[in-house]
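Colleague: Sequence isn't available, so here's the structure alone:
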(Lines give C-alpha, C1' and ligand atoms only; values in the text may rest on other atoms or scores of the structure.)
Protein backbone atom coordinates (compact mmCIF):
# COMPACT_ATOMS: atom_id res chain seq x y z
CA UNK A 1 0.00 0.00 0.00
CA UNK A 2 1.33 3.45 -0.91
CA UNK A 3 1.44 5.39 2.41
CA UNK A 4 1.32 8.68 0.50
CA UNK A 5 -2.20 7.87 -0.67
CA UNK A 6 -3.30 9.53 -3.88
CA UNK A 7 -6.17 8.71 -6.20
CA UNK A 8 -6.90 4.98 -5.71
CA UNK A 9 -8.98 4.15 -8.76
CA UNK A 10 -6.33 3.19 -11.33
CA UNK A 11 -4.55 0.84 -8.93
CA UNK A 12 -7.90 -0.53 -7.74
CA UNK A 13 -8.82 -1.43 -11.30
CA UNK A 14 -5.53 -3.28 -11.79
CA UNK A 15 -6.02 -5.20 -8.55
CA UNK A 16 -9.64 -6.09 -9.36
CA UNK A 17 -8.47 -7.56 -12.66
CA UNK A 18 -6.42 -10.03 -10.58
CA UNK A 19 -9.20 -10.96 -8.15
CA UNK A 20 -11.51 -9.88 -5.36
CA UNK A 21 -8.98 -10.57 -2.59
CA UNK A 22 -5.29 -9.66 -2.62
CA UNK A 23 -2.23 -9.68 -0.40
CA UNK A 24 -0.86 -6.27 0.56
CA UNK A 25 2.17 -4.92 2.37
CA UNK A 26 1.20 -2.32 4.96
CA UNK A 27 3.52 0.43 6.24
CA UNK A 28 6.38 -1.00 8.29
CA UNK A 29 6.51 -4.09 6.06
CA UNK A 30 3.52 -5.59 7.89
CA UNK A 31 1.84 -8.32 5.86
CA UNK A 32 -1.90 -7.97 5.35
CA UNK A 33 -4.67 -8.50 2.85
CA UNK A 34 -7.40 -6.43 1.21
CA UNK A 35 -10.87 -7.40 0.07
CA UNK A 36 -11.74 -5.43 -3.07
CA UNK A 37 -14.64 -7.06 -4.89
CA UNK A 38 -18.17 -5.99 -3.96
CA UNK A 39 -19.62 -9.46 -3.36
CA UNK A 40 -16.54 -10.72 -1.52
CA UNK A 41 -16.46 -7.61 0.65
CA UNK A 42 -20.15 -7.90 1.50
CA UNK A 43 -19.61 -11.51 2.58
CA UNK A 44 -16.47 -10.62 4.54
CA UNK A 45 -18.02 -7.68 6.42
CA UNK A 46 -20.81 -9.87 7.81
CA UNK A 47 -18.89 -13.13 8.20
CA UNK A 48 -19.31 -14.78 11.63
CA UNK A 49 -15.64 -15.83 11.66
CA UNK A 50 -14.28 -12.31 11.18
CA UNK A 51 -13.50 -10.14 14.22
CA UNK A 52 -12.66 -6.50 14.96
CA UNK A 53 -10.96 -7.00 18.32
CA UNK A 54 -7.15 -6.69 18.01
CA UNK A 55 -6.59 -9.68 20.26
CA UNK A 56 -7.13 -11.58 17.01
CA UNK A 57 -4.33 -9.59 15.25
CA UNK A 58 -1.51 -12.15 15.30
CA UNK A 59 1.43 -9.82 14.59
CA UNK A 60 0.29 -7.35 17.25
CA UNK A 61 -0.12 -10.07 19.88
CA UNK A 62 3.32 -11.44 19.00
CA UNK A 63 4.92 -8.04 19.63
CA UNK A 64 5.82 -7.47 15.98
CA UNK A 65 4.00 -4.10 15.71
CA UNK A 66 6.03 -1.13 16.93
CA UNK A 67 4.69 1.82 18.89
CA UNK A 68 4.06 4.66 16.48
CA UNK A 69 2.93 2.34 13.69
CA UNK A 70 0.68 4.69 11.69
CA UNK A 71 -2.25 2.27 11.68
CA UNK A 72 -2.02 1.17 15.30
CA UNK A 73 -4.82 3.45 16.53
CA UNK A 74 -7.25 1.76 14.15
CA UNK A 75 -6.44 -1.55 15.83
CA UNK A 76 -6.13 -0.59 19.48
CA UNK A 77 -8.49 2.30 20.22
CA UNK A 78 -11.19 1.10 22.61
CA UNK A 79 -14.62 1.60 21.11
CA UNK A 80 -17.28 0.29 18.76
CA UNK A 81 -14.97 -0.23 15.79
CA UNK A 82 -12.69 -2.58 17.72
CA UNK A 83 -15.33 -4.53 19.65
CA UNK A 84 -17.24 -7.69 18.86
CA UNK A 85 -20.40 -9.39 20.04
CA UNK A 86 -21.87 -8.24 23.35
CA UNK A 87 -19.18 -5.58 23.87
CA UNK A 88 -19.98 -4.07 20.48
CA UNK A 89 -23.72 -4.10 21.16
CA UNK A 90 -23.18 -2.47 24.58
CA UNK A 91 -21.04 0.35 23.20
CA UNK A 92 -23.24 0.92 20.16
CA UNK A 93 -26.41 1.07 22.26
CA UNK A 94 -24.96 3.90 24.35
CA UNK A 95 -24.77 6.27 21.38
CA UNK A 96 -27.30 4.88 18.91
CA UNK A 97 -30.18 7.06 20.11
CA UNK A 98 -28.33 10.16 18.93
CA UNK A 99 -28.30 8.90 15.34
CA UNK A 100 -31.77 7.52 14.71
CA UNK A 101 -33.64 8.77 11.66
CA UNK A 102 -36.04 10.65 13.94
CA UNK A 103 -33.25 12.36 15.88
CA UNK A 104 -31.46 13.28 12.64
CA UNK A 105 -34.62 14.88 11.27
CA UNK A 106 -34.90 16.91 14.48
CA UNK A 107 -31.40 18.21 13.72
CA UNK A 108 -32.27 19.27 10.17
CA UNK A 109 -33.25 22.90 11.00
CA UNK A 110 -29.96 23.38 12.86
CA UNK A 111 -27.98 21.87 9.96
CA UNK A 112 -29.83 24.09 7.48
CA UNK A 113 -29.09 27.20 9.54
CA UNK A 114 -25.41 26.29 9.97
CA UNK A 115 -25.13 25.57 6.24
CA UNK A 116 -26.55 28.99 5.34
CA UNK A 117 -24.18 30.69 7.76
CA UNK A 118 -21.17 28.84 6.35
CA UNK A 119 -22.20 29.80 2.81
CA UNK A 120 -22.14 33.44 3.91
CA UNK A 121 -18.61 32.84 5.13
CA UNK A 122 -17.67 31.15 1.84
CA UNK A 123 -18.98 34.19 -0.03
CA UNK A 124 -16.85 36.49 2.12
CA UNK A 125 -13.77 34.33 1.56
CA UNK A 126 -14.34 34.42 -2.20
CA UNK A 127 -14.80 38.19 -2.16
CA UNK A 128 -11.47 38.49 -0.35
CA UNK A 129 -9.80 36.02 -2.72
CA UNK A 130 -10.75 37.52 -6.05
CA UNK A 131 -13.76 35.26 -6.52
CA UNK A 132 -11.95 32.07 -5.44
CA UNK A 133 -12.25 30.28 -2.10
CA UNK A 134 -11.30 26.88 -0.69
CA UNK A 135 -14.66 25.16 -0.36
CA UNK A 136 -13.20 22.39 1.78
CA UNK A 137 -11.83 24.77 4.41
CA UNK A 138 -14.73 27.20 4.53
CA UNK A 139 -17.69 24.89 3.99
CA UNK A 140 -17.22 21.11 3.70
CA UNK A 141 -15.14 20.87 6.88
CA UNK A 142 -16.86 23.16 9.40
CA UNK A 143 -20.34 21.78 8.67
CA UNK A 144 -19.87 18.16 9.84
CA UNK A 145 -17.31 19.17 12.47
CA UNK A 146 -19.73 21.72 13.91
CA UNK A 147 -22.61 19.25 13.95
CA UNK A 148 -20.76 16.32 15.54
CA UNK A 149 -19.10 18.53 18.16
CA UNK A 150 -22.43 20.13 19.01
CA UNK A 151 -23.97 16.68 19.40
CA UNK A 152 -21.12 15.57 21.62
CA UNK A 153 -20.90 18.78 23.63
CA UNK A 154 -17.36 19.73 22.54
CA UNK A 155 -16.73 23.48 22.56
CA UNK A 156 -15.97 25.40 19.37
CA UNK A 157 -12.52 26.28 20.72
CA UNK A 158 -11.48 22.66 20.11
CA UNK A 159 -12.76 22.25 16.54
CA UNK A 160 -9.68 23.27 14.56
CA UNK A 161 -7.30 21.29 16.76
CA UNK A 162 -9.48 18.20 16.67
CA UNK A 163 -9.60 18.28 12.88
CA UNK A 164 -5.81 18.65 12.66
CA UNK A 165 -5.29 15.74 15.03
CA UNK A 166 -7.89 13.60 13.25
CA UNK A 167 -6.09 14.25 9.99
CA UNK A 168 -2.79 13.13 11.50
CA UNK A 169 -4.32 10.01 13.03
CA UNK A 170 -5.78 8.80 9.71
CA UNK A 171 -2.60 9.66 7.76
CA UNK A 172 -0.65 6.62 6.62
CA UNK A 173 2.61 8.44 5.82
CA UNK A 174 3.12 9.81 9.34
CA UNK A 175 6.38 9.22 11.26
CA UNK A 176 6.18 7.12 14.44
CA UNK A 177 6.94 9.99 16.82
CA UNK A 178 4.29 12.17 15.16
CA UNK A 179 1.72 9.37 15.37
CA UNK A 180 2.35 8.88 19.09
CA UNK A 181 2.17 12.65 19.72
CA UNK A 182 -1.08 13.07 17.74
CA UNK A 183 -2.78 10.26 19.62
CA UNK A 184 -1.59 11.56 22.97
CA UNK A 185 -2.83 15.08 22.25
CA UNK A 186 -6.18 13.82 20.95
CA UNK A 187 -6.67 11.97 24.24
CA UNK A 188 -5.75 15.13 26.18
CA UNK A 189 -8.18 17.35 24.25
CA UNK A 190 -11.06 14.88 24.58
CA UNK A 191 -10.29 14.26 28.25
CA UNK A 192 -10.50 18.01 28.85
CA UNK A 193 -13.86 18.13 27.02
CA UNK A 194 -15.14 15.23 29.11
CA UNK A 195 -13.92 16.86 32.33
CA UNK A 196 -15.77 20.05 31.42
CA UNK A 197 -18.98 18.07 30.98
CA UNK A 198 -18.47 16.27 34.28
CA UNK A 199 -18.36 19.66 36.01
CA UNK A 200 -21.23 21.11 33.98
CA UNK A 201 -23.45 18.46 32.36
CA UNK A 202 -25.61 19.48 29.42
CA UNK A 203 -28.01 18.07 26.85
CA UNK A 204 -25.25 16.40 24.87
CA UNK A 205 -23.80 12.98 24.20
CA UNK A 206 -20.71 13.31 26.39
CA UNK A 207 -22.92 14.14 29.38
CA UNK A 208 -25.16 11.17 28.57
CA UNK A 209 -22.18 8.82 28.29
CA UNK A 210 -20.78 10.06 31.60
CA UNK A 211 -24.17 9.63 33.23
CA UNK A 212 -24.36 6.06 31.94
CA UNK A 213 -20.92 5.36 33.37
CA UNK A 214 -21.80 6.90 36.74
CA UNK A 215 -25.08 4.98 36.93
CA UNK A 216 -23.44 1.66 36.18
CA UNK A 217 -19.67 1.45 36.12
CA UNK A 218 -19.75 -1.62 33.90
CA UNK A 219 -21.52 0.27 31.13
CA UNK A 220 -18.57 2.34 29.96
CA UNK A 221 -14.97 2.29 31.16
CA UNK A 222 -12.81 5.47 31.16
CA UNK A 223 -10.72 4.31 28.19
CA UNK A 224 -13.88 3.34 26.33
CA UNK A 225 -15.32 6.81 26.93
CA UNK A 226 -12.32 8.55 25.35
CA UNK A 227 -12.05 5.91 22.63
CA UNK A 228 -15.72 6.35 21.78
CA UNK A 229 -15.33 10.13 21.61
CA UNK A 230 -12.25 9.81 19.40
CA UNK A 231 -14.02 7.50 16.98
CA UNK A 232 -17.08 9.73 16.83
CA UNK A 233 -15.07 12.90 16.20
CA UNK A 234 -12.99 11.29 13.45
CA UNK A 235 -15.76 9.27 11.78
CA UNK A 236 -18.34 11.98 12.44
CA UNK A 237 -16.61 14.62 10.37
CA UNK A 238 -13.80 13.18 8.18
CA UNK A 239 -16.12 10.94 6.16
CA UNK A 240 -18.84 13.55 5.58
CA UNK A 241 -16.18 16.15 4.79
CA UNK A 242 -14.82 13.83 2.08
CA UNK A 243 -18.31 12.98 0.86
CA UNK A 244 -19.29 16.63 0.33
CA UNK A 245 -15.91 17.44 -1.23
CA UNK A 246 -16.01 14.46 -3.58
CA UNK A 247 -19.60 15.22 -4.62
CA UNK A 248 -18.75 18.82 -5.51
CA UNK A 249 -15.70 17.67 -7.48
CA UNK A 250 -17.81 15.13 -9.34
CA UNK A 251 -20.54 17.62 -10.22
CA UNK A 252 -18.08 20.29 -11.34
CA UNK A 253 -16.37 17.85 -13.68
CA UNK A 254 -19.66 16.32 -14.90
CA UNK A 255 -21.76 19.42 -15.61
CA UNK A 256 -24.45 17.45 -17.42
CA UNK A 257 -25.06 15.50 -14.22
CA UNK A 258 -25.40 18.74 -12.27
CA UNK A 259 -27.88 19.96 -14.89
CA UNK A 260 -30.01 16.85 -14.29
CA UNK A 261 -30.29 17.71 -10.61
CA UNK A 262 -30.87 21.43 -11.08
CA UNK A 263 -33.63 20.66 -13.59
CA UNK A 264 -35.32 18.22 -11.21
CA UNK A 265 -34.57 15.08 -13.23
CA UNK A 266 -32.44 13.70 -10.38
CA UNK A 267 -32.23 14.44 -6.66
CA UNK A 268 -29.50 15.46 -4.28
CA UNK A 269 -29.99 12.10 -2.59
CA UNK A 270 -29.12 10.51 -5.96
CA UNK A 271 -25.91 12.57 -6.03
CA UNK A 272 -24.96 11.45 -2.52
CA UNK A 273 -25.52 7.75 -3.24
CA UNK A 274 -23.66 7.85 -6.55
CA UNK A 275 -20.76 9.71 -4.93
CA UNK A 276 -20.61 7.11 -2.16
CA UNK A 277 -20.35 4.41 -4.82
CA UNK A 278 -18.17 6.15 -7.39
CA UNK A 279 -15.71 7.94 -5.11
CA UNK A 280 -16.10 6.50 -1.62
CA UNK A 281 -15.00 8.87 1.19
CA UNK A 282 -13.05 5.97 2.70
CA UNK A 283 -10.78 4.00 0.42
CA UNK A 284 -9.33 1.18 2.57
CA UNK A 285 -10.54 0.87 6.14
CA UNK A 286 -8.46 -1.01 8.78
CA UNK A 287 -8.95 -3.68 10.22
CA UNK A 288 -10.75 -6.99 10.49
CA UNK A 289 -9.17 -10.34 11.38
CA UNK A 290 -10.30 -13.87 10.46
CA UNK A 291 -10.59 -16.01 13.58
CA UNK A 292 -9.74 -19.06 11.46
CA UNK A 293 -8.21 -19.59 8.04
CA UNK A 294 -10.92 -18.22 5.78
CA UNK A 295 -11.43 -18.90 2.08
CA UNK A 296 -13.02 -15.97 0.29
CA UNK A 297 -13.61 -15.95 -3.47
CA UNK A 298 -11.11 -18.80 -3.78
CA UNK A 299 -8.35 -17.06 -1.81
CA UNK A 300 -7.26 -18.10 1.68
CA UNK A 301 -6.96 -15.34 4.26
CA UNK A 302 -4.90 -16.80 7.13
CA UNK A 303 -6.16 -16.58 10.69
CA UNK A 304 -5.07 -13.39 12.45
CA UNK A 305 -4.25 -11.45 9.26
CA UNK A 306 -5.03 -7.71 9.34
CA UNK A 307 -7.48 -7.12 6.49
CA UNK A 308 -8.41 -3.86 4.80
CA UNK A 309 -11.96 -3.28 3.57
CA UNK A 310 -11.55 -1.88 0.04
CA UNK A 311 -14.60 0.36 -0.25
CA UNK A 312 -13.34 2.51 -3.14
CA UNK A 313 -12.54 -0.58 -5.19
CA UNK A 314 -15.84 -2.33 -4.46
CA UNK A 315 -17.73 0.76 -5.60
CA UNK A 316 -16.31 0.40 -9.11
CA UNK A 317 -16.42 -3.39 -9.35
CA UNK A 318 -17.66 -4.02 -12.91
CA UNK A 319 -18.92 -7.49 -11.98
CA UNK A 320 -21.61 -5.84 -9.87
CA UNK A 321 -21.98 -2.31 -11.26
CA UNK A 322 -21.55 -3.16 -14.94
CA UNK A 323 -19.00 -2.18 -17.58
CA UNK A 324 -19.72 1.52 -16.95
CA UNK A 325 -18.89 1.29 -13.23
CA UNK A 326 -16.23 3.97 -13.72
CA UNK A 327 -18.81 6.49 -14.97
CA UNK A 328 -20.42 9.01 -12.60
CA UNK A 329 -24.16 8.75 -13.27
CA UNK A 330 -26.70 10.18 -10.82
CA UNK A 331 -29.54 8.48 -12.71
CA UNK A 332 -28.06 5.02 -12.17
CA UNK A 333 -30.93 4.19 -9.77
CA UNK A 334 -31.00 1.50 -7.13
CA UNK A 335 -27.32 2.03 -6.50
CA UNK A 336 -25.84 -0.71 -4.36
CA UNK A 337 -22.68 0.18 -2.52
CA UNK A 338 -20.87 -0.77 0.66
CA UNK A 339 -19.29 2.60 1.41
CA UNK A 340 -21.18 2.90 4.70
CA UNK A 341 -20.37 -0.67 5.66
CA UNK A 342 -22.46 -3.78 6.03
CA UNK A 343 -23.51 -6.06 8.85
CA UNK A 344 -23.19 -5.38 12.58
CA UNK A 345 -20.72 -2.54 12.05
CA UNK A 346 -22.82 -0.66 9.48
CA UNK A 347 -22.14 3.07 9.90
CA UNK A 348 -24.09 4.36 12.88
CA UNK A 349 -23.99 7.90 11.51
CA UNK A 350 -25.27 7.06 8.01
CA UNK A 351 -28.57 8.97 8.38
CA UNK A 352 -26.72 12.04 9.65
CA UNK A 353 -24.09 11.91 6.90
CA UNK A 354 -26.76 11.63 4.23
CA UNK A 355 -28.81 14.48 5.68
CA UNK A 356 -25.84 16.82 6.11
CA UNK A 357 -24.62 16.13 2.58
CA UNK A 358 -27.95 16.61 0.84
CA UNK A 359 -28.61 19.86 2.75
CA UNK A 360 -25.10 21.12 1.99
CA UNK A 361 -25.25 20.36 -1.74
CA UNK A 362 -28.78 21.69 -2.20
CA UNK A 363 -28.00 25.02 -0.55
CA UNK A 364 -24.57 25.36 -2.17
CA UNK A 365 -25.78 24.93 -5.74
CA UNK A 366 -29.03 26.83 -5.16
CA UNK A 367 -26.91 29.83 -4.26
CA UNK A 368 -24.09 29.17 -6.75
CA UNK A 369 -25.34 27.05 -9.68
CA UNK A 370 -22.34 28.07 -11.81
CA UNK A 371 -19.77 27.13 -9.16
CA UNK A 372 -16.73 25.45 -10.72
CA UNK A 373 -13.23 24.28 -9.89
CA UNK A 374 -10.63 27.03 -9.91
CA UNK A 375 -7.84 24.63 -10.94
CA UNK A 376 -7.80 21.47 -13.08
CA UNK A 377 -8.90 18.47 -11.06
CA UNK A 378 -5.60 16.66 -11.70
CA UNK A 379 -3.77 19.45 -9.85
CA UNK A 380 -5.78 19.15 -6.63
CA UNK A 381 -3.59 17.90 -3.75
CA UNK A 382 -4.63 14.45 -2.55
CA UNK A 383 -4.86 13.06 0.98
CA UNK A 384 -1.62 11.54 2.26
CA UNK A 385 -3.48 8.40 3.23
CA UNK A 386 -4.86 5.23 1.69
CA UNK A 387 -7.63 5.30 4.33
CA UNK A 388 -9.31 8.60 3.49
CA UNK A 389 -10.13 9.26 -0.16
CA UNK A 390 -10.36 12.91 -1.15
CA UNK A 391 -8.36 16.06 -1.76
CA UNK A 392 -6.77 18.37 0.84
CA UNK A 393 -8.06 21.56 -0.78
CA UNK A 394 -10.87 22.42 -3.17
CA UNK A 395 -10.44 25.94 -4.61
CA UNK A 396 -13.58 26.98 -6.45
CA UNK A 397 -14.94 29.96 -8.36
CA UNK A 398 -18.38 30.65 -7.00
CA UNK A 399 -19.66 32.24 -10.21
CA UNK A 400 -18.06 29.92 -12.76
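Modeller: Done, it's in. Predicted model only: the values in this text are computed from it and were never measured. Residues are numbered from 1 along each chain as shown.
Colleague: ranges for the strands of the stretch 101-250 of the chain?
Modeller: Counting by DSSP state E, counting those that start in this stretch, the stretch 101-250 of the chain has these strands, from start to end: 132-134.
Colleague: all helices for it, in order.
Modeller: 101-128, 135, 142-152, 159-170, 176-199, 205-215, 222-253 (DSSP state H, counting those that start in this stretch).
Colleague: where does this structure have its least confident helix or strand?
Modeller: helix 205-215 (a mean of 78; mean pLDDT, DSSP states H and E).
Colleague: tell me the mean pLDDT for stretch 43-52?
Modeller: For stretch 43-52, mean pLDDT is 98.
Colleague: gap between that stretch and the chain center?
Modeller: Distance of stretch 43-52 from the chain centroid (C-alpha atoms, centre = their mean, to the nearest Å) equals 20 Å.
Colleague: from memory residue 305 sits against residue 290, does it?
Modeller: Yes: between residue 305 and residue 290 there is a contact under C-beta atoms under 8 Å: 6.4 Å. Backbone N, C-alpha and C define where each C-beta goes, glycine included.
Colleague: Which pLDDT value does the model give the residue nearest to residue 64 when sequence neighbours are not counted?
Modeller: Leaving aside its chain neighbours, residue 64 sits nearest to residue 30 (7.6 Å; criterion: C-beta to C-beta, 6 or more residues apart in numbering). pLDDT, residue 30: 95.
Colleague: and residue 30, what are its bridge partners?
Modeller: Going by DSSP bridges, residue 30 is paired in beta bridges with residue 26.
Colleague: can you pull the contacts of it?
Modeller: Taking C-beta atoms under 8 Å, 6 or more residues apart in numbering, we find residue 30 in contact with 59, 64, 65, 69, 306.
Colleague: Tell me which helix or strand the second one sits in.
Modeller: Pointing back at residue 64 there. Using DSSP states H and E, residue 64 maps to neither a helix nor a strand.
Colleague: what about it, distance to residue 368?
Modeller: 52 Å (C-beta to C-beta, to the nearest Å).
Colleague: Also the last one?
Modeller: In this structure, residue 306 lies at 43 Å from residue 368, with C-beta to C-beta as the measure.
Colleague: neighbour-wise, which of those two wins?
Modeller: Higher neighbour count among residue 306 and residue 368: residue 306, with 25 against 19, using other C-beta atoms under 10 Å.
Colleague: Verify the contact between the more buried one and residue 286 for me.
Modeller: Yes: between residue 306 and residue 286 there is a contact under C-beta under 8 Å: 6.7 Å.
Colleague: what residues are shared contacts of those two?
Modeller: 71, 75.
Colleague: Disregarding flanking residues, what is the spatial nearest neighbour of residue 257?
Modeller: Once flanking residues are discounted, residue 257 sits nearest to residue 330: 5.1 Å by C-beta to C-beta, 6+ apart.
Colleague: Hmm, the one you found is touching residue 276, no?
Modeller: No: taking contacts as C-beta under 8 Å, residue 330 lies outside contact range of residue 276: 11.7 Å.
Colleague: thinking again about what came up before, ok, and what's touching the least confident helix or strand of the chain?
Modeller: 94-95, 98, 151-154, 193-194, 197-198, 201, 219-222, 225, 228-229, 232.
Colleague: tell me which residues in that helix are buried?
Modeller: Going by neighbour count (16 or more other C-beta atoms under 10 Å), the buried part of helix 205-215 is 205, 206, 207, 208, 209, 210, 212, 213.
Colleague: what about the second one, distance to residue 303?
Modeller: Okay, so that is residue 206. Taken as C-beta to C-beta, the span from residue 206 to residue 303 is 38 Å.
Colleague: Contacts only, for residue 302.
Modeller: Per C-beta under 8 Å, 6+ apart, neighbours of residue 302: 290, 293.
Colleague: 7 Å instead, please
Modeller: residue 293 (C-beta atoms under 7 Å, 6 or more residues apart in numbering).
Colleague: I'd guessed residue 166 sits against residue 238; true?
Modeller: Yes: if you go by C-beta atoms under 7 Å, residue 166 and residue 238 touch, sitting 5.7 Å apart.
Colleague: Of these two, which one has the most company?
Modeller: Ranked by neighbour count (other C-beta under 10 Å), residue 166 and residue 238 place residue 238 first, with 26 against 22.
Colleague: how deep is residue 331 tucked in, by neighbour count?
Modeller: Going by other C-beta under 10 Å, the residues that sit close to residue 331 add up to 11.
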